[in-house]
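Student: Curious how this folds, go ahead:
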Amino acid sequence: MKKNIIIIILLVIIIVLAFFLWKAKTNNMEKAIQNTEIQLQDTVSSSVVNPYQNTDVTTNIISSEDNTFGYDILINGQILVHQPSIPGLPGNKGFDTEQQAQRVANFVATKVKNNEMPPTVTNEDLNELLNNIND
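Tutor: Numbering: from 1, shown residues only. You can find the predicted model right below:
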């Protein structure tokens with residue numbers, strides 16, 4: 001009877017040790033995979049070439065409906081973005097002033113220059129750009 005209890009205790013100890021060894025090996029494998037993923041991301045990020053880095057990115061303020069304003073973003077004189085209305089808002093209403101349109105156009109041009117494509121403008125971006133218009 002004592003022999004059976006000792007054998008059972010030894011088996012339990014062996015099973016527990018095997019589990020902990022397996023768990024340690026799994027954690028090491030997960031860490032290795034994470035490190036490999038980070039290295040791949042770094043490699044891809046550093047190898048991405050910005051096609052707009054050495055180009056002439058300019059803006060042009062345009063007239064829009066109902067005496068409002070929009071903008072064009074040009075790459076080497078060619079229109080990349082034609083935005084006659086306020087981006088991200090429903091309808092066709094443009095900006096109330098040329099200054100508002102220019103501020104957002106400059107923001108979008110910077111995104112293009114930094115290869116942030118597509119050069120989206122969020123509602124938060126608009127609020128910040130248009131509420132701080134006197135800066």
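Student: switch to C-alpha atoms for all contacts and neighbour counts from now on
Tutor: Will do.
Student: Just the pLDDT for the most centrally placed residue in the chain.
Tutor: In the chain, the centroid-proximal residue (Cα atoms, centre = their mean) is E116; its distance is 8.0 Å. Looking at E116, its pLDDT reads 90.
Student: Break the chain into its domains for me.
Tutor: 1-48, 57-131 (automatic domain parsing).
Student: returning to that earlier point: any idea how far the residue nearest to the centre of the chain lies from M29?
Tutor: Distance, E116 to M29, by Cα to Cα, to the nearest Å: 34 Å.
Student: max-length helix in the protein?
Tutor: As assigned by DSSP state H, the longest helix anywhere in the chain is helix 2-47.
Student: what's the following helix or strand after that one?
Tutor: The C-terminal neighbour of helix 2-47 among helices and strands, as given by DSSP states H and E, is strand 57-64.
Student: quick one: secondary structure of the closest residue to S63 other than its chain neighbours?
Tutor: Once flanking residues are discounted, S63 sits nearest to F69: 4.7 Å by Cα to Cα, 6 or more residues apart in numbering. Using DSSP: H, G, I helix; E, B strand; the rest coil, the structure places F69 in strand.
Student: Stretch 77-85: how far from the chain's middle?
Tutor: Distance of stretch 77-85 from the chain centroid (Cα atoms, centre = their mean, to the nearest Å) equals 22 Å.
Student: Let me see the contact set for I38.
Tutor: For I38, the contact set (Cα atoms under 8 Å, 6 or more residues apart in numbering) is empty.
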